[in-house]
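Asks: Here is a sequence with its predicted model. Questions after.
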Amino acid sequence: MAKQHNRRQRKKLHLGEFQELGFAVSAVLREGVSEADAERVCDAFIADCIEDAQLTYGGAIGDKLDGFVVPFANLASATESHRAVVRDWLEARAELTSVEVGPLVDAWYGHD
């Protein structure tokens with residue numbers, strides 16, 4: 001029998017109407033990109049893509065982007081629109097290759 005949670009418990013556990021969705025993202029810097037250009041593209045990713053869309057990125061930035069994206073606001077979920085914005089930005093950059101944007105998944109428990 002499934003355990004029933006009250007509203008306070010669902011909020012605390014990020015369940016039901018309080019579930020928060022996010023998505024994984026990865027991209028690889030093309031071979032031959034200088035360290036200075038790599039730093040510029042990573043800074044631009046955070047400033048021009050993530051922060052402009054009011055998102056938060058957690059993960060690696062170096063010769064590869066590999067992390068997870070969620071909305072900046074507490075108790076908010078990422079949407080298909082957010083995925084499209086991030087994917088389009090990454091794919092538009094000549095310095096990046098192998099762009100992958102994962103499906104929306106539960107940001108707390110890792111499943112959809």
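Replies: Yes, it's here. Numbering: from 1, shown residues only.
Asks: Could you report the neighbour count for the spatially closest residue to Ser98 that is not a sequence neighbour?
Replies: Using C-beta to C-beta, 6 or more residues apart in numbering and skipping the chain neighbours, the partner closest in space to Ser98 is Val28 (4.4 Å). For glycine as for every other residue, the C-beta is placed from the backbone atoms N, C-alpha and C. Val28 has 16 neighbours, counted by other C-beta atoms under 10 Å.
Asks: who's Val28 bridged to?
Replies: Beta-bridge pairing for Val28 (DSSP bridges): Lys64, Thr97.
Asks: Can you name the residues that contact it?
Replies: Asp63, Lys64, Leu65, Leu96, Thr97, Ser98 (C-beta atoms under 8 Å, 6 or more residues apart in numbering).
Asks: Put the buried members of those into a ChimeraX selection.
Replies: Of these, the buried ones can be selected in ChimeraX as follows, counting by 16 or more other C-beta atoms under 10 Å:
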select :65,96
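Asks: Just put the contacts of Val28 in CSV and tack on pLDDT and distance to Val41.
Replies: Formatted as CSV, those follow (pLDDT from 0 to 100; distance: C-beta to C-beta, whole Å):
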residue, pLDDT, distance to Val41
Asp63, 81, 11
Lys64, 87, 12
Leu65, 88, 9
Leu96, 94, 7
Thr97, 94, 12
Ser98, 95, 14
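Asks: can you list the contacts of Val28 in CSV and add distance to Gln54?
Replies: Shown next, in CSV, are these (distance: C-beta to C-beta, whole Å):
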residue, distance to Gln54
Asp63, 27
Lys64, 24
Leu65, 19
Leu96, 22
Thr97, 27
Ser98, 26
